[in-house]
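S.K.: predicted model, plus sequence, below.
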There are 2 protein chains.
Amino acid sequence: MSAEPSTGTFLQGLERGLAVIRAFSAETPSLTLSEVARGVGITPATARRILLTLEELGYVRSDGRRFSLTPRVLALGWAYLSSLDLGDIAGPFMEDLSAKTRESCSIATLDLPDVVYVARVPTSRIMTVALGVGARLPAYVTSMGRVLLAGLPEAELSAYLDSLVPEQLTPHTVTSVDELREVIARTAADGYAVVDQELELGLRSIAVPIVDSRGRAVAALNASAHASRTSRDVLLSDVLGPLQECAGHISTALQRRGRI
Amino acid sequence: MSAEPSTGTFLQGLERGLAVIRAFSAETPSLTLSEVARGVGITPATARRILLTLEELGYVRSDGRRFSLTPRVLALGWAYLSSLDLGDIAGPFMEDLSAKTRESCSIATLDLPDVVYVARVPTSRIMTVALGVGARLPAYVTSMGRVLLAGLPEAELSAYLDSLVPEQLTPHTVTSVDELREVIARTAADGYAVVDQELELGLRSIAVPIVDSRGRAVAALNASAHASRTSRDVLLSDVLGPLQECAGHISTALQRRGRI
């Protein structure tokens, strides 16, 4: 086969190649050719062409039978992260916030149905949730997700909620879609969201939006805390103010440098 | 055009698509179609097909004229990071090391000519070098790079050194390739590398290998410190021991869980 089928302008080989990269995960760090084919839903012949291409380009290595990803794959995500340039622009503000509030803080963006962590400043206190850049969590059950959902156009939010099947992650998780709709409306009105042990017992977090020059929420900034150490009242009385101030600085800095 | 040319099993559309993603950077966070074509060395028609495919898949967005990456791109790098599972496996050991030594520590892997950061635990002291996961530095001028170069087969190391043009980053940078060859040989003999203000004035770091079950260096662990606070002697007397112990724990844990 020396030509690759494609529909109109759409490049199927590119789509499938990206799907093959995403087939690897913590549960499946290495895959055989037939596991890749099955996982992505392509023929073994196509999987072979994609894996050999990725191997030739240095994104994949193999021991002959099993394939795994190489660190070169990180260059792809890095292209996004460095084009946001959050490390340089937001990093100093986040470190200042973390020092002031003594809580871990993070920035995430929305990639429905998830939020994706794009920056994180952990505190030295060890958290049970160890989330790195690139990590994903369901939007509906995180404070950053709710802030970003509150900023969506009504039609997009409805489409998301209509297809949502919330999972009861803790006894506190809001699992009624109608109630979630209200929580998100309240978040839009308040300008912040608090999630209190809905994602994980013992974990509270508060988030505010990072906005572009038109006031649209393009990312969210949060502070997260051990519930045993930081009450909901303290989040509102001591953390919300510095969090909003920090988000304001970051929004302005990103706007000024043309990143959002 | 409804078919995509390819040579044998090699998928050119996939290669070019990945090159388009990598064309975005901190310097070029958004690009026009013709900038992408020029940057990647493809025709505008090909650039258009790739960008429209990436946009349809949600990896790219556009305002009509300028294209930029979306957070979905992070899912690609995340596939690699989560398949390594360093956060869960190495994270606790690294936090312990950072607490013990009061220095930032990182893990990197080799993607010649660079090292790529795959995990990092910063200290609360703000470092002038703020390196996130996915960041790259030239291998020859970093302690982790030298440890990983010391573990390469002789032929690969020679090929790398033969094409290397070292840059004088500080007055201390070793820029003679012959001298670098000796430094790397000494690193192999010592089992660790110290880089003393060669990358950046005021920054010292020490690194040791993380090894697979056959003893091959597959990653490196380092601790980095302000030169004004931590002398080279202190790195060797106080930091090297805990660093080696930590690398041993991580090597064992990664081997046991089949990650390396």
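M.R.: Structure's in. What do you need?

S.K.: which phi and psi does the closest residue in space to residue A:222 that isn't next to it in sequence have?
M.R.: Nearest non-adjacent residue to residue A:222, counting by Cβ to Cβ, 6 or more residues apart in numbering or on different chains: residue A:207, 3.8 Å away. For every residue, glycine as well, the C-beta is placed using N, CA and C. Residue A:207 adopts backbone torsions of phi -140, psi 150, taken as degrees, to the nearest 10.

S.K.: and residue A:207, how far is that from chain B?
M.R.: According to Cβ to the nearest Cβ, to the nearest Å, residue A:207 and chain B sit 16 Å apart.

S.K.: that residue against residue A:219, yeah?
M.R.: No: counting by Cβ atoms under 8 Å, residue A:219 is not a contact partner of residue A:207; they are 10.1 Å apart.

S.K.: now the residue nearest to residue A:110 when sequence neighbours are not counted: which helix or strand?
M.R.: Excluding its sequence neighbours, the residue lying closest to residue A:110 (Cβ to Cβ, 6+ apart) is residue A:148, at 4.2 Å. Using DSSP states H and E, residue A:148 maps to helix A:143-150.

S.K.: please apply the same query to residue A:249.
M.R.: Using DSSP H and E, residue A:249 falls within helix A:240-256.

S.K.: check which helices and strands that helix sits against.
M.R.: Applying 3 or more Cβ pairs under 8 Å, 6 or more residues apart in numbering or on different chains; DSSP states H and E, one finds that helix A:240-256 contacts helix A:86-101, strand A:104-111, strand A:203-211, strand A:217-226.

S.K.: repeat the analysis, applying 7 Å as the threshold.
M.R.: Using 3 or more Cβ pairs under 7 Å, 6 or more residues apart in numbering or on different chains; DSSP states H and E as the contact test, the elements touching helix A:240-256 are helix A:86-101, strand A:203-211, strand A:217-226.

S.K.: contact partners of it?
M.R.: A:89-90, A:93-94, A:97, A:100-101, A:192, A:206, A:208-213, A:221, A:223, A:260 (Cβ atoms under 7 Å, 6 or more residues apart in numbering or on different chains).

S.K.: domain assignment for chain A?
M.R.: Following automatic domain parsing, one finds the domains of chain A at A:12-69, A:76-256.

S.K.: so for residue B:143, which of those domains sits nearest?
M.R.: Of all these, domain A:76-256 sits nearest to residue B:143, with 20.9 Å by Cβ to Cβ.

S.K.: quick check on residue A:11: phi, psi?
M.R.: Here is the backbone geometry of residue A:11 (degrees, to the nearest 10): phi -100, psi 100.

S.K.: out of everything not next to it in sequence, what's closest to whatever residue of chain A ends up closest to chain B?
M.R.: The nearest approach of chain A to chain B comes at residue A:77, 2.6 Å away (Cβ to the nearest Cβ). Leaving aside its sequence neighbours, residue A:77 sits nearest to residue B:77 (Cβ to Cβ, 6+ apart; 2.6 Å).

S.K.: against residue A:39, how distant is the nearest residue to residue A:209 once chain neighbours are set aside?
M.R.: Counting by Cβ to Cβ, 6+ apart, residue A:209 lies nearest to residue A:217, which is 3.6 Å off, once chain neighbours are set aside. Counting by Cβ to Cβ, to the nearest Å, the gap from residue A:217 to residue A:39 is 34 Å.

S.K.: between the two, which one's more packed in?
M.R.: residue A:217 (23 against 17; other Cβ atoms under 10 Å in any protein chain shown).

S.K.: list the residues that contact the more buried one.
M.R.: A:147, A:148, A:151, A:209, A:210, A:211.

S.K.: ok, now with 10 Å
M.R.: Neighbouring residues of residue A:217 by Cβ atoms under 10 Å, 6 or more residues apart in numbering or on different chains: A:109-110, A:144, A:147-152, A:188, A:191, A:208-211, A:247, A:251.

S.K.: for residue A:139, same thing?
M.R.: Remark: with contacts taken as Cβ under 10 Å, 6+ apart, residue A:139 is in contact with A:108, A:110-116, A:145-149, A:152, A:160, A:164, A:184, A:220.

S.K.: now swap in residue A:146 and tell me
M.R.: Per Cβ under 10 Å, 6+ apart, neighbours of residue A:146: A:115, A:139-140, A:174, A:180, A:183-184, A:186-188, A:192-195, A:198, A:207, A:220.

S.K.: kindly report the same for residue A:187.
M.R.: By Cβ under 10 Å, 6+ apart, the residues touching residue A:187 are A:143, A:145-151, A:193-194, A:207-209.

S.K.: quick check: closest non-adjacent residue to residue A:106.
M.R.: Residue A:106 sits nearest to residue A:120 (Cβ to Cβ, 6+ apart), 4.4 Å away.

S.K.: for burial, what's the neighbour tally of the one you found?
M.R.: What residue A:120 shows, counting by other Cβ under 10 Å, is a neighbour count of 22.

S.K.: what does residue A:96 give?
M.R.: 17.

S.K.: got a list of what it touches?
M.R.: A:105, A:121, A:242, A:245, A:246, A:249, B:126.

S.K.: contact partners for the first one?
M.R.: It stands for residue A:105. A:90, A:93-98, A:119-123, A:205-207, A:221-224, A:239, A:242-243, A:246-247.

S.K.: and if you look at the second one?
M.R.: Going by Cβ under 10 Å, 6+ apart, residue A:121 touches A:90-91, A:93-99, A:103-107, A:223, B:122, B:124.

S.K.: run the last query once more with 7 Å
M.R.: A:94, A:95, A:98, A:104, A:105.

S.K.: which strand residues bridge it?
M.R.: residue A:105 (DSSP bridges).

S.K.: close to chain B: what parts of the stretch 151-260 of chain A are there?
M.R.: Neighbours of chain B within the stretch 151-260 of chain A, by Cβ under 7 Å from any Cβ of the partner chain: residue A:259.

S.K.: which ChimeraX command selects the buried ones in the contacts of helix A:240-256?
M.R.: Per 16 or more other Cβ atoms under 10 Å in any protein chain shown, the buried members of those correspond to this ChimeraX selection:
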select /A:89,90,93,94,97,100,101,192,206,208,209,210,211,221,223,260
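
S.K.: residues near residue A:83, how many?
M.R.: Residues lying near residue A:83 (other Cβ under 10 Å) number 21.

S.K.: who are the packing partners of the helix or strand hosting it?
M.R.: Here residue A:83, judged by DSSP H and E, is contained in helix A:74-84. Using 3+ Cβ pairs under 7 Å, 6+ apart as the contact test, the elements touching helix A:74-84 are helix B:12-22, strand B:66-69, helix B:74-84.

S.K.: and among the ones you listed, the most buried is which?
M.R.: helix B:74-84 (a mean of 26; mean count of other Cβ atoms under 10 Å in any protein chain shown).

S.K.: one step back: do you know which of the helices and strands packed on helix A:74-84 lies nearest residue B:50?
M.R.: Nearest of the helices and strands packed on helix A:74-84 (Cβ to Cβ): helix B:12-22, 4.9 Å.

S.K.: between helix B:74-84 and the closest one, find me the angle.
M.R.: 100 degrees (axes from the mean of the first three to the mean of the last three Cα atoms, to 10 degrees).

S.K.: helix or strand right after helix B:12-22?
M.R.: Taking DSSP H and E, what comes next after helix B:12-22 is strand B:30-32.

S.K.: elements contacting that next one?
M.R.: strand B:66-69.

S.K.: rewinding a little: where's the residue of chain A closest to chain B relative to residue B:99, distance?
M.R.: Computed as Cβ to Cβ, the residue A:77 to residue B:99 distance reads 28 Å.

S.K.: low-confidence regions, the stretch 101-250 of chain A specifically.
M.R.: The stretch 101-250 of chain A contains residues with pLDDT under 70 at A:122-132.

S.K.: redo that, cut-off 80
M.R.: Low-confidence segments of the stretch 101-250 of chain A, defined by pLDDT under 80, span residues A:120-135.

S.K.: for residue A:249, the count of nearby residues, please.
M.R.: Close neighbours of residue A:249, defined as other Cβ under 10 Å, add up to 18.

S.K.: ok, what's across the strand from residue A:193?
M.R.: Under the criterion used (DSSP bridges), residue A:193 bridges to residue A:207.
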